[in-house]
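Colleague: just coords:
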């Protein structure tokens, strides 16, 4: 499956794009996505361990299987307020 | 000395006046004033144990000697806010 | 900024007064006239004060808050007289560099105000009776 | 009432929205753009968000606050885009029957917002550099 990943803040800045397309085997987890992101986009690599991943509008842990067609977002720790 | 005592809230309501003149020997304490108030004004008596006494704009304890010419106020526990 | 007033309290103006580029946090507290208290219905409240002492005590609290927390600006306004349901009886505003301090200082000011500032409220109950509120005194 | 906006936040309108005759207490918190942070001078801040998720998370926090405290009304507004010194970045308002709950609920909303709502600020430092703020991330 192809996962379209939205990027925000420094993650967007480092990747230089607002969205990345990541090809993953069906049944891949958030952890797999994280690893593939780092391999595919070298500029993101230093941030990968601290990236937060959201599937839909909820935070997802590394062991979560990514449902086909989900809206996925990756971003560094938040600093609103 | 004659102490002019300002009354507020329920103390004023019970006494029926805004000020009471209380005659006290020089050197009398706040405790003496409290006792004399209860003796002199029967309607105040039930409130006397809980009356707060201020000398000037500060709370005074029963053992404080009332300086001649002080502004004295007596009132029940506060409920602003 | 310490004030006793018989006019409606302008909370927006008070908030604006404490805002500062030195502050990252502003906390505003409003006390408002609530209809129900322990199942009894309030129609209105009347507030009375010993004004000279009330102002002196509020200034004392202001000073103590500035000693305990890095307060940039703080203000306390208490209304007196006849207040209808929903009216603002008291407004406390404080600004600090950081939010924890602003919350603590704001909480301190209203908590201590209710303990030491000589202001009293009289309930106007729905049954037509009135009653001075004096915590700890049997009525 | 949950809102993301690019316009200046009207704190007075938000406060008015949460006032109620059922409430004896209103707490308003404002986050404002502070000039100095750890000795570094800020010229301006830029806020970005993942808007759909930010709104969903703010609504979740609103629901949780209403579950934990007897909240009458609550509102959260976060501003996005370019903010100058002193501008209001976030406003949280909550009304409750009693003040302790209003303070706790207000504190909860802003504390949790800063932890979970996907909004980020970028510093515009006085030396002309910019920097995304990501707690725990070395820059």
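Modeller: Perfect, I can see it now. Note that the structure is predicted; figures quoted are calculated from it, not measured.
Colleague: What values do phi and psi take at residue A:59?
Modeller: phi -70, psi 140 (degrees, to the nearest 10).
Colleague: how far away is it from chain B?
Modeller: 41 Å (Cβ to the nearest Cβ, to the nearest Å). Placement of C-beta: from N, CA and C, glycine included.
Colleague: One more: residue C:99?
Modeller: The gap separating residue C:99 from chain B is 23 Å, by Cβ to the nearest Cβ.
Colleague: Pull the number of nearby residues for that residue.
Modeller: When neighbours are counted by other Cβ atoms under 10 Å in any protein chain shown, residue C:99 registers 21.
Colleague: pretty sure it contacts residue D:106?
Modeller: No - in this structure, residue C:99 is not within contact of residue D:106 by Cβ atoms under 8 Å, at 10.0 Å.
Colleague: which residues do those two both contact?
Modeller: Here residue C:99 and residue D:106 have C:27, D:29 as joint contacts, going by Cβ atoms under 8 Å, 6 or more residues apart in numbering or on different chains.
Colleague: Quick one: the strands in the chain, in order.
Modeller: Went with chain A since none was named. Taking DSSP state E as the test, the strands found in chain A are A:2-7, A:19-23, A:52-55, A:58-59, A:72-75.
Colleague: Chain C, not that one
Modeller: Under DSSP E, chain C gives strands at C:2-5, C:25-32, C:36-37, C:40-49, C:73-79, C:81-84, C:88-96, C:119-125, C:130-132.
Colleague: Adjacent strands (with direction) for the longest one?
Modeller: Pointing back at strand C:40-49 there. Using DSSP bridges, the strands paired with strand C:40-49 in its sheet are strand C:36-37 (antiparallel), strand C:81-84 (antiparallel), strand C:119-125 (antiparallel).
Colleague: Out of those strands, the one nearest residue B:18 is which?
Modeller: Checking those against residue B:18 by Cβ to Cβ gives strand C:119-125 as the closest, at 14.0 Å.
Colleague: quick one: contacts for the residue of chain A found nearest chain B?
Modeller: Closest approach between chain A and chain B, counting by Cβ to the nearest Cβ: residue A:81, at 28.5 Å. Residues touching residue A:81, when contacts are defined by Cβ under 8 Å, 6+ apart, comprise D:31, D:78, D:89, D:90, D:110, D:113, D:114, D:119.
Colleague: 6 Å instead, please
Modeller: Residue A:81 makes contact with D:31, D:90, D:113, D:114, according to Cβ atoms under 6 Å, 6 or more residues apart in numbering or on different chains.
Colleague: For it, which non-adjacent residue is spatially closest?
Modeller: residue D:114 (4.0 Å; Cβ to Cβ, 6 or more residues apart in numbering or on different chains).
Colleague: What pLDDT is listed against that neighbour?
Modeller: Residue-level confidence at residue D:114 comes out at 98, pLDDT.
Colleague: what does residue C:64 give?
Modeller: In this model, residue C:64 is scored at 98, pLDDT.
Colleague: Same question for residue A:77.
Modeller: At residue A:77, the model reports a pLDDT of 98.
Colleague: Now do the same contact list for it.
Modeller: Under the criterion of Cβ under 6 Å, 6+ apart, the contact list for residue A:77 reads D:134, D:135, D:136.
Colleague: same deal with residue C:122?
Modeller: Applying Cβ under 6 Å, 6+ apart, the residues near residue C:122 are C:46, C:130, C:132.
Colleague: same thing with residue A:47?
Modeller: For residue A:47, the contacting residues are A:11, A:76, by Cβ under 6 Å, 6+ apart.
Colleague: any idea which of the strands of chain A is most buried?
Modeller: Comparing those on average neighbours per residue, with mean count of other Cβ atoms under 10 Å in any protein chain shown, the densest one is strand A:72-75 at a mean of 24.
Colleague: shouldn't residue C:23 be in contact with residue C:70?
Modeller: No - under the criterion of Cβ atoms under 6 Å, residue C:23 lies out of contact with residue C:70, with a separation of 9.4 Å.
Colleague: Find residues that contact each of those two.
Modeller: Here residue C:23 and residue C:70 have residue C:96 as joint contacts, going by Cβ under 6 Å, 6+ apart.
Colleague: and chain A, which of its residues are near chain D?
Modeller: For chain A, the contact set with chain D under Cβ under 6 Å from any Cβ of the partner chain comprises A:8-10, A:50, A:54, A:57, A:73, A:76-81.
Colleague: Pick out the residue closest to the middle of the chain.
Modeller: In the absence of a named chain, chain A is used. In chain A, the C-alpha nearest the mean C-alpha coordinate belongs to residue A:74, at 3.8 Å (Cα atoms, centre = their mean).
Colleague: that's the wrong chain, I wanted chain C
Modeller: In chain C, the residue lying closest to the centroid (Cα atoms, centre = their mean) is residue C:90, at 3.1 Å.
Colleague: That one touches residue C:77, doesn't it?
Modeller: No - with contact defined as Cβ under 6 Å, residue C:90 and residue C:77 do not form a contacting pair (7.0 Å).
Colleague: what's the burial count for residue 16?
Modeller: Using chain A here. A total of 11 residues lie near residue A:16 under the criterion other Cβ under 10 Å.
Colleague: wrong chain, I was asking about chain C
Modeller: Counted by other Cβ under 10 Å, the residues lying close to residue C:16 total 13.
Colleague: Enumerate every residue touching it.
Modeller: The neighbourhood of residue C:16, defined by Cβ under 6 Å, 6+ apart, contains no residues.
Colleague: List of residues touching the helix ranked longest in chain A?
Modeller: In chain A, with assignment by DSSP state H, the single longest helix is helix A:30-40. Outside of helix A:30-40, the residues that reach it under the criterion Cβ under 6 Å, 6+ apart are A:22, A:44, A:45, A:48, A:53, A:60, A:62, A:64.
Colleague: try 7 Å
Modeller: A:3, A:20, A:22, A:24, A:44-45, A:48, A:51, A:53, A:60-64, A:66, A:72, A:74 (Cβ atoms under 7 Å, 6 or more residues apart in numbering or on different chains).
Colleague: Quick one, grab the pLDDT at residue 39.
Modeller: If you meant another chain, say so; for now it's chain A. In this prediction, residue A:39 carries a pLDDT score of 96.
Colleague: other chain: chain C
Modeller: Looking at residue C:39, its pLDDT is 94.
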